[in-house]
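*Asks:* next input, structure requested:
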Amino acid sequence: MAEARLHDPQTLYRHWEHEQWNPWAIDLATDRAQWRNGLSAEDKGLVAWALASLMVAEERITTQFAGLVMAADSEEEATFLATQQVDEARHMQFYARVQAEVIAEPETIAVHVARSRAQLGEPFRAIFDGTLTSAHDRLAADPRDAAAKVDFVTTYHLVIESTLGLTAFQFITRYLRDQGVLPGFVEGYGRVHHDEQRHIGYGVWFLRESVARDPELGDRVRQTLRKLLPAVAGALAPPDREGTDWEALGASAEEIRGFALGGLSRRLHVVGVPLDTL
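*Replies:* Okay, here's the model as predicted:
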């Protein structure tokens, strides 16, 4: 899968032009009715946590991205990265719409994000409010710093969008489909997922090119991953789950973590930094 996504930024831009969607065109009427009457309290709690994590993640990756656009090495790369920022804003609007029309009441995005953040654990906040923002600030301060760009793309595209994002999509959508609930959200989330695959393709392409050009940058990838992987393991678990033997979204901790690690391993192989070299 990773190899099939290794297109250069110009090709990814052309794909983007053909893959637009409107977050306000998705029908959430069934979702709203099911949320009020069709889900148990336990299911509501689990789904609310999952949707809260998506709400906060999307706000962070929308607002902590401009530095990468400034760091583009070509007009083609800048053009594609501008489309990614538009995508992230669209995703944030969709998740805020789900919060406003299905989960809670109409409010500003900031209110939805603040309420969602309160439902998340420390590992999740450490990644999104700590490591991501710090990496973005370093890159924005010096967009010509190749190491800072590798650090940011490793954090953003390889850890957040790939390892956390694809894992969340796999198990959230499987659970909701199995339960037969929230079809509008599942449809919109599928559109988000399609966009994220394009973004991940860019991240893997950029890291592979960077490491091939300067093998020492592979050590930056390794350092970032060694720092983040413990928090990633914690962020995959709901805050009320303790230890390593838990279940969520109809899956065991072992299955969820195995899926995440397997995907990361495949992408690292393509980048040229095998997992066993960490």
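*Asks:* C-alpha from now on. contacts and neighbour counts both.
*Replies:* OK.
*Asks:* apart from its chain neighbours, what residue comes closest to residue 223?
*Replies:* residue 278 (7.9 Å; Cα to Cα, 6 or more residues apart in numbering).
*Asks:* count of neighbours near that neighbour?
*Replies:* When neighbours are counted by other Cα atoms under 10 Å, residue 278 registers 13.
*Asks:* residue 133 versus that one, what's the distance?
*Replies:* When distance is defined by Cα to Cα, to the nearest Å, residue 278 is 23 Å away from residue 133.
*Asks:* ok, back up a step: quick one: contacts for the residue nearest to residue 223?
*Replies:* 222-223, 225-226 (Cα atoms under 8 Å, 6 or more residues apart in numbering).
*Asks:* just for this structure, where's the confidence low?
*Replies:* For the chain, the stretches with pLDDT under 70 are 1-5, 242-243.
*Asks:* could you rerun that using 80?
*Replies:* 1-6, 38, 238-246, 248, 278 (pLDDT under 80).
*Asks:* where do the helices sit along it?
*Replies:* Listed in chain order, the helices of the chain (DSSP state H) span 9-17, 29-37, 41-63, 66-70, 75-98, 109-117, 122-125, 132-141, 146-153, 167-179, 183-213, 217-235, 253-271.
*Asks:* so which of these is nearest residue 247?
*Replies:* Among these, helix 253-271 comes nearest to residue 247, with 5.7 Å by Cα to Cα.
*Asks:* just the buried residues of that closest one, please?
*Replies:* By neighbour count on 16 or more other Cα atoms under 10 Å, the buried set for helix 253-271 is 253, 256-257, 259-261, 263-265, 267-268, 270-271.
*Asks:* what's the answer for stretch 220-230, then?
*Replies:* Buried residues in stretch 220-230 (16+ other Cα under 10 Å): 220-222, 224-225, 228.
*Asks:* any idea how far residue 207 lies from residue 22?
*Replies:* 31 Å.
*Asks:* which one of the two has more residues nearby?
*Replies:* residue 207 (27 against 12).
*Asks:* what's stretch 15-31 in contact with?
*Replies:* By Cα under 8 Å, 6+ apart, the list of residues contacting stretch 15-31 reads 83, 90-91, 93-94, 97-98, 101-102, 181-185, 187-188, 191.
*Asks:* if we use 7 Å, what do you get?
*Replies:* 90, 94, 102, 181-184, 188 (Cα atoms under 7 Å, 6 or more residues apart in numbering).
*Asks:* just give me the closest of the residues you listed to residue 33.
*Replies:* Nearest member of these to residue 33, counting by Cα to Cα, is residue 102, at 8.1 Å.
*Asks:* can you report how many residues lie near the closest one?
*Replies:* Residues near residue 102, counting by other Cα under 10 Å: 21.
*Asks:* so it touches residue 33, yeah?
*Replies:* No: contact criterion Cα atoms under 7 Å: residue 102 and residue 33 do not qualify, at 8.1 Å.
*Asks:* deepest-packed of the helices of the chain, please.
*Replies:* Highest mean neighbour count among the helices of the chain (mean count of other Cα atoms under 10 Å): helix 146-153, with a mean of 23.
*Asks:* please name every helix or strand in contact with that helix.
*Replies:* Judged by 3 or more Cα pairs under 7 Å, 6 or more residues apart in numbering; DSSP states H and E, the packing partners of helix 146-153 are helix 132-141, helix 217-235.
*Asks:* can I get the ones you listed in a markdown table with distance to residue 162?
*Replies:* Formatted as a markdown table, the helices and strands packed on helix 146-153 follow (distance: least, Cα to Cα, whole Å):
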| stretch | distance to residue 162 |
| --- | --- |
| helix 132-141 | 14 |
| helix 217-235 | 11 |
